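S.K.: no letters, just coordinates:
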């Protein structure tokens, strides 16, 4: 669980708030017969009433003397929560701590329906059903190893040669997974905007699905962002009035050539980057293997060299910022 | 969202971990036809694979120089998460901050299936379906006002006279709600024990359903607790080898005489208290109205006098502790 670090944090407050969402009233719903307790008859459950739905959860940590008035906000990827940015599965400080120790205020979000943001009954409020991530899917999708090298014992020796993800802690990583809905992009973005309107423009660090959201958000609401770091974005939105005044940093790990899925996402993102550059945008791409940094998975914030990757992001932010 | 406080926190680390749970493998499940995207055909979803299920999430904050080697752990109630202990719905620092400012390390938990702990497919892994909390139910169950004074506009003037819950922030409070399963007490307790075995004995502050869990836990595993504060416990377990060596504090708010549900819970808990005292247990009951403190709801950690209630808990812990 990590040892006490030498340099302490001098903090003003740790706290949280919800943002976005609305009241939805269910009325006239027939009572649903639900198996509520294991050893009891199914009973009728009345879903009728008022719900808050569509909110996000934001946890903030504020410095007594922030290095800069511009905080860092973190958006997680699909089937994940804000835990992405906390302690790594093998117990090292994560990127939230990295940037706290460098004097930034941090805002870590749980998107609509994920983690502490809660979720609403379906099909009564959400139109659709959730999907779930298995450890098998994670093995392949997070580029830990070849899919046919996965077995139920998840033998760490079967990962890619040189892999920097701590496969001995794979089950603690999979403990982070939460179900996800595939059609909540709009309500999630609306809730993110509402939070940003409260706290002012931020440096955004976004991962995977969150990176895709980030590209859309910064194009539509450039006023809310000082810069955006998209780490391993799961594809890019269609071109939509590119936000060329906001600096963009893209960060990619290793083994992309082993994954058809990631080759496809990468191709779309590379096209997006080219268009952004074509409009005169301030764009940098860090392809870690091209810097001689090999072995990073889809979750570089959890890989054993997570601090090294964070350094690159930190230096890019420093190079962009005036404070 | 709360202003910067005058006295700063000198912290060593903020982090988190998961504890408990196990791998469950789904095999031979027929593909499920799921409406995954709003404007698309339902598609077949394959649930087969390996899942981590039954884990809890624990977020810790560690002082550079803790007042005492004994941290405070927080367990939330039904349909809630660790957010219970963070910033109040109207933006004041909550009990986590209260105890951090007094030098304790804190451990805030999300129980199995709640918040960042994630949840598993049902009926494939969980046997049963979840239930949901409406704002209507909260109005009555949290003792904000008479049920027939609730309407969809949730008019704050309709709450109980003298109520200290910030009803103007009711929707931000309801933003905290998460679905819950009614038959997960055993797996939740096992996961709590596993976390406690890692960090050593704690002062536990538990709310509502979490208070019921706490009474069972401290009776079965007294070695894991220095003392237990049960705030508005939702009933008590049957007598089960009462843990008379561990100090117990019970805290009750106001308006219990207005609620048949809470009269019932209170009666069971009072019986439990009597039995505990009968075995020579160190038991204190704080009935806030009997101290002249009126207007507290079922969530005193969010009421406008939340710090005053916390003071009573703090002083009780101090009176019990040797460090």
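M.R.: Here it is on my side, so go on. The model shown is predicted, which means the values in this text are computed figures rather than measured ones.

S.K.: show me where pLDDT drops low in the stretch 201-323 of chain A?
M.R.: A:322-323 (pLDDT under 70).

S.K.: ok, and does stretch A:105-125 reach over to chain B?
M.R.: Yes: using Cβ under 8 Å from any Cβ of the partner chain, we find that stretch A:105-125 touches chain B at A:110, A:115, A:116, A:117, A:118, A:119, A:120, A:121, A:123. All C-beta spots, glycine's among them, are computed from the backbone N, C-alpha and C.

S.K.: next: stretch A:182-199.
M.R.: Yes: applying Cβ under 8 Å from any Cβ, one finds stretch A:182-199 touching chain B at A:182, A:183, A:198, A:199.

S.K.: name the nearest residue to residue A:250, ignoring sequence neighbours.
M.R.: With Cβ to Cβ, 6 or more residues apart in numbering or on different chains as the criterion, residue A:250 has its nearest non-adjacent residue at 4.5 Å, and that residue is residue A:285.

S.K.: looks to me like that neighbour is in a strand.
M.R.: Yes: residue state for residue A:285 (DSSP: H, G, I helix; E, B strand; the rest coil) corresponds to a strand.

S.K.: which residues of chain A fall in helices?
M.R.: Using DSSP state H, the helices of chain A run over A:95-101, A:135-141, A:170-174, A:185-199, A:209-220, A:260-278, A:306-320.

S.K.: adding distance to residue B:319, write those out as TSV.
M.R.: Listed next are those as TSV, based on distance: least, Cβ to Cβ, whole Å:
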stretch	distance to residue B:319
helix A:95-101	35
helix A:135-141	48
helix A:170-174	38
helix A:185-199	41
helix A:209-220	47
helix A:260-278	59
helix A:306-320	44
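
S.K.: put together a markdown table for these, with distance to residue B:246 and mean neighbour count on each row.
M.R.: Shown next, in a markdown table, are the helices of chain A (distance: least, Cβ to Cβ, whole Å; neighbours: other Cβ atoms under 10 Å in any protein chain shown):
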| stretch | distance to residue B:246 | mean neighbour count |
| --- | --- | --- |
| helix A:95-101 | 34 | 23 |
| helix A:135-141 | 38 | 21 |
| helix A:170-174 | 30 | 23 |
| helix A:185-199 | 41 | 18 |
| helix A:209-220 | 44 | 23 |
| helix A:260-278 | 52 | 16 |
| helix A:306-320 | 40 | 17 |
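
S.K.: can you say which of the ones you listed is nearest to residue B:150?
M.R.: Minimum separation from residue B:150 across the helices of chain A (Cβ to Cβ) falls at helix A:185-199, 25.9 Å.

S.K.: name the helices or strands packed onto the closest one?
M.R.: With contacts defined as 3 or more Cβ pairs under 8 Å, 6 or more residues apart in numbering or on different chains; DSSP states H and E, helix A:185-199 has these neighbours: strand A:9-26, strand A:49-63, strand A:72-75, strand A:106-110, helix A:209-220.

S.K.: swap in 10 Å and give it another go.
M.R.: Judged by 3 or more Cβ pairs under 10 Å, 6 or more residues apart in numbering or on different chains; DSSP states H and E, helix A:185-199 is in contact with strand A:9-26, strand A:49-63, strand A:72-75, strand A:106-110, strand A:202-207, helix A:209-220.

S.K.: ok, the fifth one: who's next to it in the sheet?
M.R.: Using DSSP bridges, strand A:202-207 pairs in its sheet with strand A:72-75 (parallel), strand A:225-231 (parallel).

S.K.: spell out which residues of the stretch 201-323 of chain A are next to chain B.
M.R.: By Cβ under 10 Å from any Cβ of the partner chain, no residue of the stretch 201-323 of chain A approaches chain B.

S.K.: find the closest residue to chain B in the stretch 201-323 of chain A.
M.R.: residue A:302 (12.6 Å; Cβ to the nearest Cβ).

S.K.: with that, I have no additional questions.
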